[in-house]
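Enquirer: Everything below, folded, please.
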Amino acid sequence: MKFEIALRDVAIDDLPIFFEQQAQPEANRMAAFPARDQEAFMAHWIEIMADASVVLKTILCDGQVAGNMVCFGPPDQREVGYWLGKEFWGQGIATRALGEFLKLVRVRPLFAYVAKHNFGSLRVLQKCGFVICGEDQIVSGNPGGVIEEFILKLVG
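Expert: Okay, here's the model as predicted:
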């Protein structure tokens, strides 16, 4: 099945959709990132939308808001991140969207962090040219406490 994938600037009207997507329990487990409550979520997004150094894009799939992509961090340690609503997983949407995003964000090296158990996201990054360059552990408020991560790097 072929979808039309597009990226556009994040609009304030996207935020309620992003909020619902980040509140999906399975997505939180896969990303190893706890959901924020609505007030904290909105405050975070208003802050990053006001930061000119952050590149933010809404992912559209056949015109529907599917998720978001972000690039942030200091010039020599820029990171990429993304979040897709669960209903959009496993269809190649993230891979195609990240490929388009990487045409817009030309800074290299570019880094990404992914929980070791998140095989889908790891595969997305690898398909787009990222390679594992390290490992890390983060302490989380989630049950289990410690999250094992891969650090990935894109150089070309």
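
Enquirer: Could you check which helix or strand contains residue 98?
Expert: Per DSSP states H and E, residue 98 falls inside helix 93-104.

Enquirer: could you dump that helix to PDB, C-alpha only?
Expert: The C-alpha trace of helix 93-104 is given here as PDB (Å, rounded to 0.1, in the frame of the first residue of the first chain):
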ATOM      1  CA  ILE A  93       5.800   5.800   7.100                       C
ATOM      2  CA  ALA A  94       8.500   6.600   9.700                       C
ATOM      3  CA  THR A  95      11.300   5.500   7.300                       C
ATOM      4  CA  ARG A  96       9.900   7.600   4.400                       C
ATOM      5  CA  ALA A  97       9.300  10.600   6.700                       C
ATOM      6  CA  LEU A  98      12.800  10.400   8.200                       C
ATOM      7  CA  GLY A  99      14.300  10.200   4.700                       C
ATOM      8  CA  GLU A 100      12.500  13.400   3.800                       C
ATOM      9  CA  PHE A 101      13.500  15.000   7.100                       C
ATOM     10  CA  LEU A 102      17.200  14.200   6.500                       C
ATOM     11  CA  LYS A 103      17.000  16.100   3.200                       C
ATOM     12  CA  LEU A 104      15.900  19.200   5.100                       C
END
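
Enquirer: Could you give the average pLDDT over the helix or strand that it is followed by?
Expert: Using DSSP H and E, the helix or strand that follows helix 93-104 in sequence is strand 110-115. For strand 110-115, mean pLDDT rounds to 96.

Enquirer: again with stretch 121-134
Expert: 98.

Enquirer: that older thread, who are the packing partners of the helix holding residue 98?
Expert: strand 5-9, strand 55-61, strand 64-72, strand 79-84, helix 119-127 (3 or more Cβ pairs under 8 Å, 6 or more residues apart in numbering; DSSP states H and E). C-beta: built from backbone N, CA, C; applies to glycine.
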